[in-house]
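Asks: build me a structure from this.
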Amino acid sequence: MKSRYTSILTLLLIIFTCSIIQIHADLYESLEPGSATQYHRISYKTQQNEYDEDFQIFRKKFFSDSIFQISRIQFPVQIFNLDREKFWLIVFGEPVDTLKLMPKNNWYFHYSLESDTAYYEVKIKFDDKLVVYVERGKDFGIATVYKFIILDGKWFLTRVEYINL
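Replies: Alright, predicted model coming up:
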């Protein structure tokens, strides 16, 4: 009887794990196809203003200039961290703290891995007032997801997600 429960639990874990992995793959595959150098100039119209900042220019400066980077983060920034250990704790129903708020004094400079094309690929998804910028390892299960929004006509980082499965 015990081995039957173990078999059922193992089967449920496999199904759950495959579902989570497929959700992550679907999110990633839904991003803009093509190389990391394919960008679009985006303008946003609201009832009062037109917001127009070229994301390509912003992105290059954001990942190369630490002072600019700090000035374009909405602190405290949300940091989501999911690794293999936390994933399995969630599978077994344990409470896991995966989201933290990082204050300005704990921030460290983030540089882009875009130029390391042998190991990483970059995809960008543009939505209404949101850009999702993903750096994903080609042959290993890590990804960093940056979420940027438009505020007062300028791009700001609001969330970083570290995924290591």
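Asks: for the closest residue to Leu151 other than its chain neighbours, give me its contacts.
Replies: With CB to CB, 6 or more residues apart in numbering as the measure, Gln74 is the residue that lies nearest to Leu151, at 7.2 Å, once sequence neighbours are left out. C-betas here are computed from N, CA, C, even on glycine. When contacts are counted by CB atoms under 8 Å, 6 or more residues apart in numbering, Gln74 touches 149, 151, 156-158.
Asks: of these, the lowest pLDDT goes to which?
Replies: Within those, Leu151 has the lowest pLDDT, namely 90.
Asks: please report phi then psi for Gly93.
Replies: phi 80, psi 10 (degrees, to the nearest 10).
Asks: strands of this structure, residue ranges please.
Replies: Listed in chain order, the strands of the chain (DSSP state E) span 43-45, 50-52, 73-83, 99-102, 120-126, 130-137, 142-151, 154-164.
Asks: and the spatially closest residue to Ser64 that is not a sequence neighbour, how many neighbours does it have?
Replies: Spatial nearest neighbour of Ser64, excluding adjacent residues (CB to CB, 6+ apart): Tyr111 at 7.4 Å. The number of residues packed near Tyr111 is 11, by other CB atoms under 10 Å.
Asks: so who does Asp83 touch?
Replies: 162, 164-165 are the contacts of Asp83 under CB under 8 Å, 6+ apart.
Asks: buried ones among those?
Replies: Among those, the ones that count as buried by 16 or more other CB atoms under 10 Å are Asn164.
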